[in-house]
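Enquirer: Fold the following.
(one chain, ligands or ions: 1)
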Amino acid sequence: MKCIAFIQTKGGQATKAGLEAAGFAAAIGETVAIVSGELNGDGGLGAVGVGRVLQGPADLDDGQLGRLVAAAADQEGAQAVVCAQDHLGKAVAGRVAVRLNAGLIAGVTAAPNGDSYTRNVFSGKATAQVKGATDRLVITTTPNAIGMPEATGGTAAVEAFNADLGDRKVQVLEAAAPSTGGRAPLPEAELVVSAGRGLKGPENWGIIEDLADAVGATTACSRPVSDIGWRPHHEHVGQTGIAIRPNLYIAIGISGAIQHLAGVNGSKVIVVINKDPEAPFFKAADYGIVGDAFEVVPKLTEAFKAL
Ligand SMILES: Cc1cc2nc3c(=O)[nH]c(=O)nc-3n(C[C@H](O)[C@H](O)[C@H](O)COP(=O)(O)OP(=O)(O)OC[C@H]3O[C@@H](n4cnc5c(N)ncnc54)[C@H](O)[C@@H]3O)c2cc1C
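Expert: Numbers count the residues shown, from 1 in each chain. Next up is the predicted model:
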């Protein structure tokens with residue numbers, strides 16, 4: 001099967017989620033990547049199995065990107081279009097599926113298994129095997145779920161690409177990334193330290209920041225914490241926030257409501273710190289510490305620093 005992988009770049013390099021998507025596509029078949037704008041060399045795509053990279057124009061809106069990717073799929077005769085299930089991938093995948101009259105399988109969480117694909121359903125409480133019923137398919141891959149492909153050491157040839165993209169319908173006036181204090185952005189973070197209402201107030205987040213710094217983690221929070229303004233909204237994880245799948249998720253003073261779990265239960269290892277032994281989060285935990293966060297967390301931080 002021939003694939004087009006739509007890849008988001010930052011500073012000319014494919015993002016981590018983009019490399020995962022490209023590796024996934026290369027596992028399905030011969031893959032050509034399409035990017036919009038700046039690219040350093042091949043953006044790291046040849047090393048994960050991409051044969052060629054088509055470089056489209058920069059500064060396109062979501063509609064124009066959809067046209068660009070669909071045109072690339074037509075030119076290459078691709079049966080599958082793959083992209084990461086990130087902000088841009090979500091905006092583009094549906095548009096491409098409509099243009100190509102293709103089935104859309106969103107949020108795949110495992111390497112391809114023949115012609116069937118694994119995705120989460122019921123807010124992550126179950127998985128489903130899904131198969132395309134159309135000649136062409138659009139597939140999005142959940143960041144951090146499939147893992148980084150093994151580097152092949154290859155390089156990809158880069159070619160300029162353009163198509164009839166129509167007029168831009170939306171103008172971005174300014175894009176400002178939320179400050180993560182030098183930490184990895186939450187959707188890409190492999191280590192996450194998260195806290196909830198058990199922390200009592202925003203003035204107590206110092207112990208969470210200290211633990212995150214000690215392990216090199218990104219900070220997150222439960223929804224009420226961001227709703228009441230203790231933490232910024234971009235840290236809110238769960239059903240109505242960001243869904244993440246880090247290697248390690250440390251949940252402190254969070255009860256473990258189903259809506260919270262929906263966004264974090266794909267984490268590879270979950271550690272729960274809660275003073276209530278009956279807190280529902282312990283059922284989803286790999287490791288649990290029953291105790292007062294204000295006593296446990298500083299000790300844990302010291303232990304990590306000592307390591
Ligand atoms: C439609 C809908 C969507 C929602 N989406 C989301 C979502 O995306 N994400 C989300 O998080 N929530 C979401 N919620 C809210 C969710 O139902 C819970 O209300 C919320 O997750 C609870 O947040 P919490 O665990 O921080 O607070 P609480 O439920 O108040 O729990 C605080 C926990 O801290 C513990 N604790 C207290 N003091 C200490 C201490 N000193 N040391 C250690 N532990 C302590 C308590 O034992 C308790 O378990 C949603 C709700 C609805 C209805």
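Enquirer: Would you map the strands across the stretch 201-307 of the chain?
Expert: 218-221, 248-252, 269-274, 287-290 (DSSP state E, counting those that start in this stretch).
Enquirer: right, and these - which one's nearest the ligand?
Expert: strand 269-274 (4.3 Å; Cβ to the nearest ligand atom). Yep, even glycine has a C-beta here, placed from its N, CA and C like the rest.
Enquirer: what's the angle between that closest one and strand 248-252?
Expert: Counting by axes from the mean of the first three to the mean of the last three Cα atoms, to 10 degrees, strand 269-274 lies at 10 degrees to strand 248-252.
Enquirer: need the contact list for the most centrally placed residue in the chain.
Expert: Compute the mean C-alpha point of the chain, and by Cα atoms, centre = their mean the closest residue is Pro143, 3.1 Å away. By Cβ atoms under 8 Å, 6 or more residues apart in numbering, the contact set of Pro143 is 16-17, 20, 84-86, 187-188, 245.
Enquirer: at 6 Å instead, please
Expert: 17, 84, 86, 187 (Cβ atoms under 6 Å, 6 or more residues apart in numbering).
Enquirer: Same list, the residues you listed, but as JSON lines with secondary structure and neighbour count please.
Expert: Supplementary listing: the contacts of Pro143 in JSON lines, determined by DSSP: H, G, I helix; E, B strand; the rest coil; neighbours: other Cβ atoms under 10 Å:
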{"residue": "Ala17", "secondary structure": "helix", "neighbour count": "27"}
{"residue": "Ala84", "secondary structure": "strand", "neighbour count": "29"}
{"residue": "Asp86", "secondary structure": "coil", "neighbour count": "21"}
{"residue": "Pro187", "secondary structure": "helix", "neighbour count": "23"}
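Enquirer: from those, which is closest to the ligand?
Expert: Among the contacts of Pro143, and counting by Cβ to the nearest ligand atom, the member closest to the ligand is Pro187, at 14.3 Å.
Enquirer: And that closest one, what's its pLDDT?
Expert: Per-residue confidence (pLDDT) for Pro187: 85.
Enquirer: Pro280 too?
Expert: pLDDT for Pro280: 98.
Enquirer: doesn't Gly256 make contact with it?
Expert: Yes: between Pro280 and Gly256 there is a contact at 4.1 Å, judged by Cβ atoms under 6 Å.
Enquirer: where does the stretch 51-200 of the chain come near the ligand, residue by residue?
Expert: By Cβ under 6 Å from any ligand atom, the residues of the stretch 51-200 of the chain that approach the ligand are 196-198.
Enquirer: make it 8 Å
Expert: 195-200 (Cβ under 8 Å from any ligand atom).
Enquirer: Compile those into TSV and extend it with columns for distance to Phe304, secondary structure and pLDDT.
Expert: Output for these, formatted as TSV (distance: Cβ to Cβ, whole Å; DSSP: H, G, I helix; E, B strand; the rest coil; pLDDT from 0 to 100):
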residue	distance to Phe304	secondary structure	pLDDT
Ala195	16	strand	98
Gly196	21	coil	98
Arg197	24	helix	98
Gly198	20	helix	98
Leu199	19	helix	98
Lys200	23	coil	97
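Enquirer: Scan the residues you listed and report the most crowded one.
Expert: Ala195 (29 neighbours; other Cβ atoms under 10 Å).
Enquirer: Touching, that one and Gly253? I think so.
Expert: Yes: contact status for Ala195 versus Gly253: in contact at 5.5 Å, counting by Cβ under 6 Å.
Enquirer: any idea where the helices of the chain begin and end?
Expert: For the chain, the helices defined by DSSP state H occupy 16-28, 62-76, 87-100, 206-215, 223-227, 258-264, 293-306.
Enquirer: Next, count neighbours for Gly63.
Expert: Close neighbours of Gly63, defined as other Cβ under 10 Å, add up to 17.
Enquirer: Compute the distance between the residue nearest to it when sequence neighbours are not counted and the ligand, please.
Expert: Spatial nearest neighbour of Gly63, excluding adjacent residues (Cβ to Cβ, 6 or more residues apart in numbering): Lys169 at 5.5 Å. From Lys169 across to the ligand, the span is 30 Å (Cβ to the nearest ligand atom, to the nearest Å).
Enquirer: Smallest gap between the stretch 201-307 of the chain and the ligand, at which residue?
Expert: Taking Cβ to the nearest ligand atom, the stretch 201-307 of the chain has Gly238 as its residue nearest the ligand, at 2.2 Å.
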